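>>> I would like the atomic coordinates for the input below:
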Amino acid sequence: MTGMCPRSPLHSMGVTRFFIISLLFLASSLQNQISQLPTKINEFSKNSATIQCSVDEETDIRELSLTLRLDGPQLISVKVDKDLSSYTHELTFSGKIRNFTTTANGFNSQEIMDLSNCYSQTCGGERSPDYKRGPGTISCTAKHENIDKMVICLDNHPIILLEVDHKYTDRLRFSGTIRKFHMTLEDLSESDTNGYNCVGKMEDSKRHLPGGETVITITQRGNSHIVSVTWLLILSSLLLIWWC
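Numbers count the residues shown, from 1 in each chain. This next block holds a predicted model:
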């Protein structure tokens with residue numbers, strides 16, 4: 001019977017190094033599946049700031065959200081059913097949670113949208129009116145101010161779900177597809193200074209795909225700005241009088 005040869009320290013080091021490199025490659029791959037722009041935003045209060053979350057073409061994305069810090073609450077989340085996996089690049093969203101449109105830009109996805117309807121909260125909730133509906137377009141309109149979730153349903157089955165934190169329902173505007181989603185936070189205040197993260201999720205996966213971070217810094221617009229604008233107007237008026 002032949003005994004097993006002991007493994008050399010160099011062999012153990014090689015295995016450890018391979019394991020570490022594999023983990024780093026995996027982490028890098030997950031990181032690159034979702035990109036986020038910009039990394040920094042400096043704005044005055046009362047203005048707005050836009051964050052873009054983009055998903056690469058090979059990632060089978062089902063849910064995309066914007067969170068306050070990586071482990072914080074979700075500001076907005078959009079979920080798409082697996083039956084629409086082939087059409088995520090065709091479905092375009094535009095508006096705010098209580099009044100937005102979803103438009104399908106492909107033949108098959110248009111057929112699905114034409115057979116679907118929009119409801120408040122759940123498929124059993126209040127149905128949105130169809131008065132603005134066009135080919136492949138669904139208008140989602142909530143009649144009540146406390147609505148923070150809208151769902152598009154086909155045969156009483158939810159196929160698209162959008163949800164916004166109740167603190168941001170009046171200030172968060174969104175547009176684009178789930179693969180390239182733009183979120184604009186309006187009427188900024190100093191309390192909005194924070195880090196914001198794009199996070200994705202694939203079908204049947206509990207693993208979240210982080211996209212990066214956008215740090216928003218809000219500065220209170222002070223009297224110095226008003227004084228500067230006032231002096232500029234005065235000088236412009238004097239120059240105009242002198243010219244005439």
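
>>> could you use CA atoms for every contact and neighbour count after this?
Fine.

>>> can you pull out the low-pLDDT segments for this structure?
Filtered on pLDDT under 70, the chain yields the residue ranges 1-32, 131-132, 204-207, 223-231, 242, 244.

>>> what does stretch 67-85 contact?
Residues outside stretch 67-85 that contact it (CA atoms under 8 Å, 6 or more residues apart in numbering) are 60-66, 88, 109, 158-165, 168, 178, 194-199, 203, 210, 213.

>>> drop anything exposed from the residues you listed.
60-66, 88, 109, 158-165, 168, 178, 195-199, 210, 213 (16 or more other CA atoms under 10 Å).

>>> rewinding a little: which ones among the contacts of stretch 67-85 are found in strands?
61-66, 158-164, 194-199, 210 (DSSP state E).

>>> in stretch 36-52, what counts as buried?
The neighbour-count check on stretch 36-52 (16+ other CA under 10 Å) flags 36-38, 41, 43-45, 48-52 as buried.

>>> same check, this time on stretch 180-188
Neighbour-count burial for stretch 180-188, counted by 16+ other CA under 10 Å, picks out 180-186, 188.

>>> and the residues you listed, which is closest to Ile234?
Nearest to Ile234 among those is Leu188, at 29.4 Å by CA to CA.

>>> pretty sure the closest one contacts Ile218?
Yes. Leu188 is in contact with Ile218 according to CA atoms under 8 Å; the separation is 7.2 Å.

>>> now do the shared contacts for these two.
44-45.

>>> show me where this protein has its helices.
Remark: helices assigned in the chain by DSSP state H are 9-32, 107-114, 223-243.

>>> give me the buried positions along the second one.
Right, the one you point to is helix 107-114. In helix 107-114, counting by 16+ other CA under 10 Å, buried: 109-110, 112-114.
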